[in-house]
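[1] 3D model of this:
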Amino acid sequence: MAVLEKQRVRVCNGAAAALGVKAGMGSATARTLADNLLLLERDPEAEQRRLQQLCCWGYSITPTLYPYRDDCLLLEVGSCLRLYGGLEALLALVERGLTQRGAQYRVGLGPTPKSAVLLSIKPLEASATDTSPEALNHRGDSAAGLEALTGATVPRSEHEAESLEARLAPLPLKLLEDFPRQVDALAKAGLWTFGDILALPRQALGRRCGREFVHYLEQVLGTAEDRQPVFEPPQAFNDDYWFGYEVKANQELLPAIELLLQTFCRFLRNTQLETQQVEWLLYGINHKIHRFSVCSSQPQTHWQAWYQLTRIKVEQLQLDQSIEGVGLTSEQLLPGNATSGDLFQQAGQKEPLHSLLDRLKSRLGLQSVSKLGSRDEHLPEFAGYCSLDTRPGTVPSENGELRPFWLMQEPQPLKVFNGQPCWQGRLDLLDGPERIEDNWWECPVSRDYYVARDSTGLLYWVFRDRLRGEWFMQGVFL
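    Sure, this is the predicted structure:
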């Protein structure tokens, strides 16, 4: 596999390189060397989206970072070394995160941003025997053909500045791609490495190469200020994971989903945002995208909760094509509200009730789960309601009267025998009356309510309509 730019090879994987394909080679020559070579056109927009996703990932490590050029991500890590337990642990975290995301990358460590960039793109053979933490690291191939260069910067001291010049000295000047004319002029003068020009007086170097070149060199060494706009996290989240092979079983999607959710929830906590909905995109091998949404009745920032809801949806999917990538997007991000746990939560209760309701709705459908509630209304038929919104609502004030849980949709008329109401037999009035009068402005209502019992001991809630002189059944005590 190789990526083309203007009909020339920009980058290739190891299998193509083993057949003689290399960067800068024409597409026709590459096809001649490898007849089964897969050629892909470079997509700069996709690379920038990928770099933006890496910035969101890096924001979980350090708040000071920014993209550089079109293929670098600079992380300032000197201020958070103690948080991660030292430089080695932090570098291991960075490499593990990039590897999990399937990125091809090189890591450089330096006291200034531009020195870290230079040390990350030094030739591979120059670092083959270097086992120090700041040595060049090269892992894997990116499915999108993007090479992510990550530079980590640490605080500068006098000793580090001296060691920096020694580390830069063997690097070839051809790494300075922004100054091709100056590099050619220096090469004609016999100056090939950084060590050659660092030994020259700055004034002489400025006359030969210009002030801009000298200023860049000073920024590399840390003697000139190098300010860059710090990355600001977006108000929406977008990330994806590419397998590099075809996925046909639903269960094989779960590891990628777990990784994306962990990154997403770290992003939410670091930006103090929250959401109640995420959208998943499954990229098919035939370029068809399957979308489905996962909703929560309350904002969630824990990846385990989103994972349980997403897993239920994935189990119900019937894929008609192989999947090569998974995407996660969330645009409905709101400022987070700090919430406290339930002080009186039972010891055996491991999760709140809304989590159970969310799982039921994910498995059975949004229309399958409803909530029974009550309003502050005098008439019982208007006090209860059923809603698809299962979020906790306000609890109406208690009036201290006995009320049944089960109410009739409409009051049922009762027969009367010898002045006593009957419902499949005579009813004995045990408690009451409780008078309720309401709706005087439209259709006046005046009722006397009683608790009645039948011959089997079942309790009912009945009332006598004072205006019509009739008896009705309102509810049953279960």
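[2] model confidence over the lengthiest helix in the chain, on average?
    Taking DSSP state H as the criterion, the chain has its longest helix at helix 254-271. Averaging pLDDT along helix 254-271 yields 91.
[3] list the helices and strands it packs on?
    helix 44-58, strand 237-247, strand 273-284, helix 303-316, strand 323-330 (3 or more C-beta pairs under 8 Å, 6 or more residues apart in numbering; DSSP states H and E). Every C-beta, even on glycine, is put in place using the N, C-alpha and C of the backbone.
[4] Tell me who's in contact with the closest residue to residue 328 other than its chain neighbours.
    Residue nearest to residue 328 in three dimensions, not counting chain neighbours: residue 260, with 4.4 Å by C-beta to C-beta, 6 or more residues apart in numbering. Neighbour list for residue 260: 239-241, 326, 328 [criterion: C-beta atoms under 8 Å, 6 or more residues apart in numbering].
[5] for residue 194, same thing?
    If you count contacts by C-beta under 8 Å, 6+ apart, then residue 194 has 168-171, 173 around it.
[6] Show the buried residues in the residues you listed.
    By neighbour count, with 16 or more other C-beta atoms under 10 Å, the contacts of residue 194 hold 168, 171, 173 as buried.
[7] need the residues you listed in JSON lines with secondary structure, pLDDT and distance to residue 430, can you?
    Putting these into JSON lines (DSSP: H, G, I helix; E, B strand; the rest coil; pLDDT from 0 to 100; distance: C-beta to C-beta, whole Å) gives the following:
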{"residue": "168", "secondary structure": "helix", "pLDDT": "91", "distance to residue 430": "95"}
{"residue": "171", "secondary structure": "coil", "pLDDT": "92", "distance to residue 430": "96"}
{"residue": "173", "secondary structure": "helix", "pLDDT": "92", "distance to residue 430": "100"}
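[8] between the residues you listed, which is nearest residue 225?
    Nearest to residue 225 among the buried ones among the contacts of residue 194 is residue 168, at 18.9 Å by C-beta to C-beta.
[9] Make sure the closest one is actually in contact with residue 196.
    No - using C-beta atoms under 8 Å as the test, residue 168 is too far from residue 196 to be in contact (11.1 Å).
[10] quick one: secondary structure of residue 430?
    Secondary structure state of residue 430, per DSSP: H, G, I helix; E, B strand; the rest coil, is strand.
[11] who are the neighbours in contact with it?
    Residue 430 touches 450-453, 459, counting by C-beta under 8 Å, 6+ apart.
[12] so how far is residue 295 from it?
    Between residue 430 and residue 295 the computed distance is 46 Å (C-beta to C-beta, to the nearest Å).
[13] what residues go with each domain of the chain?
    43-221, 237-335, 406-477 (automatic domain parsing).
[14] quick one on the thing from earlier: save the contacts of residue 194 as JSON lines, and put in distance to residue 42 too.
    Below are the contacts of residue 194 laid out as JSON lines (distance: C-beta to C-beta, whole Å):
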{"residue": "168", "distance to residue 42": "30"}
{"residue": "169", "distance to residue 42": "34"}
{"residue": "170", "distance to residue 42": "31"}
{"residue": "171", "distance to residue 42": "26"}
{"residue": "173", "distance to residue 42": "26"}
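[15] quick check, nearest of the residues you listed to residue 5?
    Using C-beta to C-beta, the contacts of residue 194 come closest to residue 5 at residue 173, 23.7 Å.
[16] which residue sits closest to that closest one, ignoring its sequence neighbours?
    Using C-beta to C-beta, 6+ apart and skipping residues adjacent in sequence, the residue nearest residue 173 is residue 183, 4.9 Å away.
[17] what's around the nearest residue to residue 24 once chain neighbours are set aside, how many residues?
    With C-beta to C-beta, 6+ apart as the criterion, residue 24 has its nearest non-adjacent residue at 6.0 Å, and that residue is residue 8. Residues lying near residue 8 (other C-beta atoms under 10 Å) number 14.
[18] isn't residue 8 right up against residue 27?
    Yes - Residue 8 is in contact with residue 27 according to C-beta under 8 Å; the separation is 7.0 Å.
[19] ok, what's across the strand from residue 300?
    residue 275 (DSSP bridges).
[20] pLDDT at it, what is it?
    Residue 300 is given a pLDDT of 81.
[21] OK, contacts around it?
    274-276, 306.
[22] so can I have a markdown table of those showing neighbour count, distance to residue 404 and pLDDT?
    Output for the contacts of residue 300, formatted as a markdown table (neighbours: other C-beta atoms under 10 Å; distance: C-beta to C-beta, whole Å; pLDDT from 0 to 100):
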| residue | neighbour count | distance to residue 404 | pLDDT |
| --- | --- | --- | --- |
| 274 | 20 | 39 | 89 |
| 275 | 21 | 40 | 90 |
| 276 | 17 | 35 | 88 |
| 306 | 25 | 39 | 90 |
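[23] would you list every one of the helices in the stretch 301-450 of the chain?
    Listed in chain order, the helices found in the stretch 301-450 of the chain under DSSP state H, counting those that start in this stretch are 303-316, 353-364, 380-383.
[24] And the ones you listed: which comes nearest residue 41?
    helix 303-316 (32.2 Å).
[25] Show me what that closest one packs onto, helices and strands only.
    Right, helix 303-316 is packed against helix 254-271, strand 273-284, strand 289-300, helix 353-364 by 3+ C-beta pairs under 8 Å, 6+ apart.
[26] Show me which residues of it are buried.
    The neighbour-count check on helix 303-316 (16+ other C-beta under 10 Å) flags 303, 305-314 as buried.
[27] how about that helix as CSV, C-alpha atoms only?
    Presented in CSV, the C-alpha positions along helix 303-316 are these (Å, rounded to 0.1, in the frame of the first residue of the first chain):
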residue,chain,number,x,y,z
TRP,A,303,-17.7,5.4,29.8
GLN,A,304,-19.1,2.2,31.5
ALA,A,305,-22.6,3.6,31.4
TRP,A,306,-22.4,4.6,27.7
TYR,A,307,-20.7,1.2,27.0
GLN,A,308,-23.6,-0.8,28.5
LEU,A,309,-26.2,1.2,26.5
THR,A,310,-24.2,1.0,23.3
ARG,A,311,-23.6,-2.8,23.7
ILE,A,312,-27.3,-3.4,23.8
LYS,A,313,-27.7,-1.5,20.5
VAL,A,314,-24.8,-3.4,18.9
GLU,A,315,-26.3,-6.8,19.9
GLN,A,316,-29.5,-5.8,18.0
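[28] got a list of what the residue nearest to residue 334 when sequence neighbours are not counted touches?
    Excluding the flanking residues, the one nearest residue 334 by C-beta to C-beta, 6+ apart is residue 274, at 5.9 Å. By C-beta under 8 Å, 6+ apart, residue 274 lies in contact with 268, 299-301, 333-337.
[29] Please apply the same query to residue 330.
    236-237, 264, 275, 277-279.
[30] pLDDT at it, what is it?
    Reading off the model, residue 330 has pLDDT 92.
[31] No further queries at this time; thank you.
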